[in-house]
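**Q** Need the 3D shape of this:
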Amino acid sequence: MPVVRRTAGRPGRRAAPLTTPRIAVTPQGGEVMTQAVERGGGSVADPENADAIVWTDPARPETLGEVLRGSPARWVQLPFAGIERFVAAGVVDRQHTWTCAKGIYGHATAEHALTLTLVAARRIHRHVRSGTWLGDRGLQAPERRLKTSTVMIVGTGGIGAALRDMLLPIGARVLAVNRSGRPLDGAVRTVPIGDVHDLLGEADFVVLAAPATDATARMVDREWLEAMKDDAWLVNVARGSLVDTAALVAALRDGVVGGAALDVTDPEPLPDDHPLWTLDDVIITGHTANTWRMAVPELARLVEENVRRFAAGESLLGVVDPDLQY
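**A** Predicted structure coming up:
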């Protein structure tokens, strides 16, 4: 059904279909993205003549702001799901329709979350570093199965839903936490984020898959960690800003939690002399859950579909709500 594109912050206006929209792919074009634009029915143009911009640099929001000031573009496609840098830089406004890549990288990131959870459950990080045969220590062996574990997923969007689909066939018991409390199919229980402490004590693994916003900044603090089991693991594939790093280090040193598997950290990159590197039950994978090489094919498919929709005046995928910051 025809959509309504936000113009000057006022929802409800229908955009007239564009036969061949002019799309700028910048600052780096590349054959994959330009071909996606053309397959979607658009033509590649310079930003100063473009109806829309596909922005391919997740790290330079200020530059995008400069480009927009000299462009008539009405729609901007951002390359990743996380848009916090663009929000912090004041780039995400109400004069443009903004879309991001939320949802399309869910499976890739969920695979990584599952991998980290399995590594922690089977203590693979200890075995590969041991330099000796640890073996089976009978009933005292701390390795465990996900089939007999409870996994809490915090954030039930694309990543959270994909992780749920991977955990259920294994037999894990799934709990879910999100902003609204809307039930996640397959979860034993879903609660709004305000009630998360009611469930933390049940989880063997707490997986963070929520967006980085003002509301989620450092939500995993000392109180949160103390509510977890003392052998539970925190798994973060979302953003480092969701965790109070100093509180996490202290909790790990004090035995408040069992371990942490982190694809993202705060600060990031994590300095070589940071104490997290020195702790035994910490796994750090350096923001590799969804690399650019993995992302490009998925982003190209999204760009193609959104250009087609933009040309037809239809609703776009991945529309950003400036108030919610995702």
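**Q** and the spatially most central residue of the chain, what is it in contact with?
**A** The centroid of the chain falls nearest to Ala238 when counting by C-alpha atoms, centre = their mean (4.4 Å). By C-beta atoms under 8 Å, 6 or more residues apart in numbering, Ala238 lies in contact with Gly155, Ile159, Leu208, Ala209, Ala210, Pro211, Ala212, Val264. Glycine gets a C-beta too; all of them are placed from N, C-alpha and C.
**Q** run the last query once more with 10 Å
**A** Neighbour list for Ala238: 81-82, 109, 113, 154-155, 159-160, 207-212, 216, 263-264, 289 [criterion: C-beta atoms under 10 Å, 6 or more residues apart in numbering].
**Q** Narrow these to those in strands?
**A** Counting by DSSP state E, the contacts of Ala238 place Val154, Val207, Leu208 in strands.
**Q** shouldn't Leu68 be in contact with Gly90?
**A** No - counting by C-beta atoms under 10 Å, Gly90 is not a contact partner of Leu68; they are 11.4 Å apart.
**Q** which parts of the longest helix along the chain are buried?
**A** Taking DSSP state H as the criterion, the chain has its longest helix at helix 292-312. Using 16 or more other C-beta atoms under 10 Å as the test for burial, helix 292-312 gives 294-296, 298-300, 302-307, 309-312.
**Q** Next: stretch 109-123.
**A** 109-117, 119-121, 123.
**Q** Using PDB, write down the CA coordinates of that stretch.
**A** The C-alpha trace of stretch 109-123 is given here as PDB (Å, rounded to 0.1, in the frame of the first residue of the first chain):
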ATOM      1  CA  THR A 109      24.700 -11.500  14.300                       C
ATOM      2  CA  ALA A 110      22.500 -14.200  15.900                       C
ATOM      3  CA  GLU A 111      24.900 -16.900  14.600                       C
ATOM      4  CA  HIS A 112      27.700 -15.100  16.400                       C
ATOM      5  CA  ALA A 113      25.600 -14.800  19.600                       C
ATOM      6  CA  LEU A 114      24.900 -18.500  19.400                       C
ATOM      7  CA  THR A 115      28.600 -19.200  18.800                       C
ATOM      8  CA  LEU A 116      29.700 -17.200  21.900                       C
ATOM      9  CA  THR A 117      27.000 -18.800  24.000                       C
ATOM     10  CA  LEU A 118      28.100 -22.300  23.000                       C
ATOM     11  CA  VAL A 119      31.800 -21.400  23.600                       C
ATOM     12  CA  ALA A 120      30.900 -20.200  27.100                       C
ATOM     13  CA  ALA A 121      28.700 -23.200  27.800                       C
ATOM     14  CA  ARG A 122      31.300 -25.700  26.700                       C
ATOM     15  CA  ARG A 123      34.200 -23.600  28.100                       C
END
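**Q** Return the distance of the nearest residue to Arg123 once chain neighbours are set aside relative to Asp185.
**A** Closest residue in space to Arg123, ignoring its immediate chain neighbours: Glu143 at 5.3 Å, by C-beta to C-beta, 6 or more residues apart in numbering. Look at Glu143 and Asp185: by C-beta to C-beta, to the nearest Å, they are 30 Å apart.
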